[in-house]
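> Test case, fold it:
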Amino acid sequence: MSGRAAWEVGAGYVNAYAAVERALRLAGFGPMLSPTHLDFGTVEVRITRTDSVTVTNTGTASLIISSVTSDNDEFGVSSTSATVAPSSNQRFYVSFDPISEGYKFAGIIFTHNASTSPDRVEVAGIGRVVATAIEASDTSVATFGGWHRVDDERATNGFYYRNVGADKSGSRAYIEFGFNGSRIDLQIATGPRGGVAEVFIDGVSQGRVDFCRPPSDPSKPDNSGKKDLTFDHSVSYTTSPGEHTFRLAVLNDTPDPKRNMIYVDGFVIYGESSNSASAHSESSTTNGTAQPSAGTTGETHPAAASPSTVLLTAVIETNEESPLNVLIVNPLGGLVEQRTVSDPVAIIRWVPSTIGTYSVVLLNNGIVATPYTLYLVKTEELLGGSSPKQSINQATKALQDVPSAFALGQNFQNPFNPSTTIRYSIPLDERVTLKIYNALGQEIRTLVHQWQSAGAYSVSFKASDLPSGMYFYRIAAGPYSKSVKMSLVK
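Presented below is the predicted three-dimensional model:
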């Protein structure tokens, strides 16, 4: 018998038994529990859904409920004891927070001083994992610093995104996006030329990621950084359910200058898909040919710069035994940079100072034709778009004037249903945490958990999934902390 069928048969038995028990309780033999079973339906893993059970005292003496427990940790109850006067009732909130997939069953057990003790409410639900795969090329993903697509059948979707030569001191590079979920998997490739990056969630470091592994055959080094790669490697990061910002920042701070490549095969979000507008977007083109021998005219590749172009990057792959001479020429014919490429993979980055078409000219310094691959990457700033950090809380907005003191205001509207706005200000750059608690002091949600610049902010709090009641929100920013009460009335 399947889990679902078992639940349906069990529910039928519970309903029949409950009908008899209800008749006894109406005659004054014990408390009335309504409903006698709860079905939470399908709930995403690490997302909480709440329902309630009402206990009515049908007797003539006070009903003393000494304990309320759950025999499954994935189901919780808000209050663990209560005293209910005759002809009165008490509501108990039951929550379902699945930690894995599948059908879940439990009993909420009420122990009390009436003759029917203990009483039991059957609860059930289904945990579901929602996973969404995204690529660095998705419109919701911000990329900066020369990321380019490399086709490779070993990668998950037949291609991966690579960054070459960026570092934390000068040529910064990153991938950043917002997501709504509780876990994210970073899918990478590793190889002998792999560098190092650092992962941040909501501005908090989650540690370094090393893209390097020893060569498969030390006698045949892969200087190109493309052949000796291993895929199907994933690094997982978990966080609280809700909206967050993910950032992969390139470091490449090892002593070996050839360890300067970052390989990103994609991301898997457990929860909802990415939800941020990009601040920057990069597009790349690939050109490959057999370079003419020395003494002939060089090959020219156009790189157009628009008003929104903030960076241009050329990545050249070639035979190190036959170096190329690379010239970058601006739209007016002036020489921007000239470099001899002797490394199998070379990078030239420049900030366009003139709108128009730049030229990347490759001249062969050798005596034989030299195959090469040229990746041209254009980094655009999306004018009018919000950055991932700005959109993470959907309504967080920094005001122009810097406040003179810390402050946490009363939410508006209050009472509210189902959403309200919380405003606060910080006079200094600080790590800010803003959390929601219920009347029992249990943490409900984290609205902000990141470094923020000095300024005034507003955050929207939506409570569609929460019951009516008193709640508190608390801010902690450097030396400052404060709690404020608010009311949800449905």
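> Could you list the domains of this structure?
Per automatic domain parsing, the domain ranges recorded for the chain read 3-128, 132-283, 291-378, 393-488.
> most packed of those?
domain 132-283 (a mean of 19; mean count of other CB atoms under 10 Å). Any C-beta I mention is one placed from the backbone N, CA and C, and that applies to glycine too.
> Mean confidence (pLDDT) on stretch 141-154, please.
The average pLDDT within stretch 141-154 is 91.
> how far is it from where the chain is centred?
19 Å (CA atoms, centre = their mean, to the nearest Å).
> cool, stretch 448-466 as well?
Relative to the centre of its chain, stretch 448-466 is centred 16 Å away, using CA atoms, centre = their mean.
> again with stretch 83-94
How far stretch 83-94 lies from its chain's middle: 41 Å, per CA atoms, centre = their mean.
> what's in contact with that stretch?
With contacts defined as CB atoms under 8 Å, 6 or more residues apart in numbering, stretch 83-94 is touched by 31, 38, 50-65, 68, 70, 75-79, 82, 108, 121, 123, 467.
> and what of stretch 256-264?
136, 147, 160-167, 173, 175, 186-191, 193-197, 211-212, 223, 225, 229, 248, 250, 252, 345.
> hmm, try it at 7 Å
136, 160-165, 175, 188-189, 193-195, 197, 211-212, 225, 229, 250, 252 (CB atoms under 7 Å, 6 or more residues apart in numbering).
> And for stretch 154-168?
136, 145-152, 171-173, 187, 189, 229, 231, 250-253, 260-266, 315, 345, 347.
> For it, measure first residue to last.
29 Å (CA to CA, to the nearest Å).
> ok, which stretches of the stretch 251-400 of the chain are helices?
Remark: helices assigned in the stretch 251-400 of the chain by DSSP state H, counting those that start in this stretch are 388-391.
> so where's it shaky on pLDDT?
271-280, 288-297, 320-322, 366, 382-400 (pLDDT under 70).
> ranges for the strands of it?
Along the stretch 251-400 of the chain, counting by DSSP state E, counting those that start in this stretch, strands occupy 261-274, 280-291, 299-305, 309-318, 324-329, 335-341, 345-350, 356-364, 370-381.
> Tell me which of the contacts of stretch 256-264 fall in strands.
160-164, 175, 188-189, 197, 250 (DSSP state E).
> Quick check: closest non-adjacent residue to Arg172.
The spatially closest residue to Arg172, leaving aside those adjacent along the chain, is Gly145, at 5.8 Å (CB to CB, 6 or more residues apart in numbering).
> list the contacts for that neighbour?
163, 166, 171-174, 250.
> Okay, and which of the contacts of stretch 83-94 map to strands?
Reading strands off these with DSSP E, I get 38, 50-56, 63-65, 68, 70, 75-77, 82, 108, 121, 123.
> Can you say which of the strands of the stretch 251-400 of the chain is nearest to Val459?
strand 261-274 (18.8 Å; CB to CB).
> Tell me the gap between the closest one and the middle of its chain.
Using CA atoms, centre = their mean, the offset of strand 261-274 from its chain centre is 9 Å.
> Then stretch 225-245?
11 Å.
> Could I get the CA-only coordinates of that stretch as CSV?
Only the C-alpha atoms of stretch 225-245 are listed here, as CSV (Å, rounded to 0.1, in the frame of the first residue of the first chain):
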residue,chain,number,x,y,z
GLY,A,225,43.7,25.0,-19.4
LYS,A,226,40.9,23.4,-21.5
LYS,A,227,41.8,19.8,-22.1
ASP,A,228,42.7,18.4,-18.7
LEU,A,229,39.4,19.2,-16.9
THR,A,230,37.1,17.3,-14.6
PHE,A,231,33.4,18.1,-14.6
ASP,A,232,30.5,16.8,-12.4
HIS,A,233,31.9,18.6,-9.3
SER,A,234,29.5,20.5,-7.1
VAL,A,235,29.8,22.7,-4.0
SER,A,236,26.7,23.1,-1.9
TYR,A,237,25.7,26.1,0.3
THR,A,238,22.7,26.1,2.6
THR,A,239,20.9,29.1,4.2
SER,A,240,17.6,30.0,5.7
PRO,A,241,14.6,29.9,3.4
GLY,A,242,13.8,33.2,1.7
GLU,A,243,15.4,35.7,-0.6
HIS,A,244,19.2,36.0,-0.8
THR,A,245,22.1,37.3,-2.9
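> Numbering from 53 from now on, please.
Let's use 53 as the start, then, which means that last one is stretch 277-297.
> tell me the mean pLDDT for that stretch?
88.
> try stretch 212-220
Looking at stretch 212-220 alone, the average pLDDT works out to 90.
> can you tell me the distance between the two ends of it?
OK, stretch 212-220 end separation, CA to CA: 22 Å.
> Now do the SS call for Thr498.
Using DSSP: H, G, I helix; E, B strand; the rest coil, the secondary structure recorded for Thr498 is strand.
> pLDDT value on it, please?
90.
> Quick check, it in contact with Ser292.
Yes: assessed by CB atoms under 7 Å, Thr498 is found in contact with Ser292 at 5.3 Å.
> Would you agree Val202 falls within a strand?
Yes: according to three-state DSSP, Val202 belongs to a strand.
> mind listing what Thr352 touches?
411, 413.
> Go again with 8 Å.
411-413.
> any idea how far Val105 is from it?
75 Å (CB to CB, to the nearest Å).
> do Ser189 as well
For Ser189, the distance to Val105 - CB to CB - is 49 Å.
> Check the gap between Gly255 and Ser130 for me.
Counting by CB to CB - Gly255 and Ser130 are separated by 32 Å.
> go on, Phe319?
In terms of CB to CB, Phe319 sits 36 Å off from Ser130.
> what bridges to the residue nearest the centre of the chain?
The C-alpha lying nearest the average C-alpha coordinate of the chain belongs to Phe231 (CA atoms, centre = their mean; 3.9 Å). Counting by DSSP bridges, Phe231 forms beta bridges with His296, Ser326.
> The one 4 residues further on now?
Beta-bridge partners of Arg235, counted by DSSP bridges, are Thr290, Tyr322.
> wait, doesn't Thr291 sit right on Ile253?
Yes: in this structure Thr291 lies within contact range of Ile253 using CB atoms under 8 Å: 5.5 Å.
> Overlap in contacts, these two.
Contacts common to Thr291 and Ile253, judged by CB under 8 Å, 6+ apart, are Ile236.
> Surely Thr94 touches Arg180?
Yes: assessed by CB under 8 Å, Thr94 is found in contact with Arg180 at 5.2 Å.
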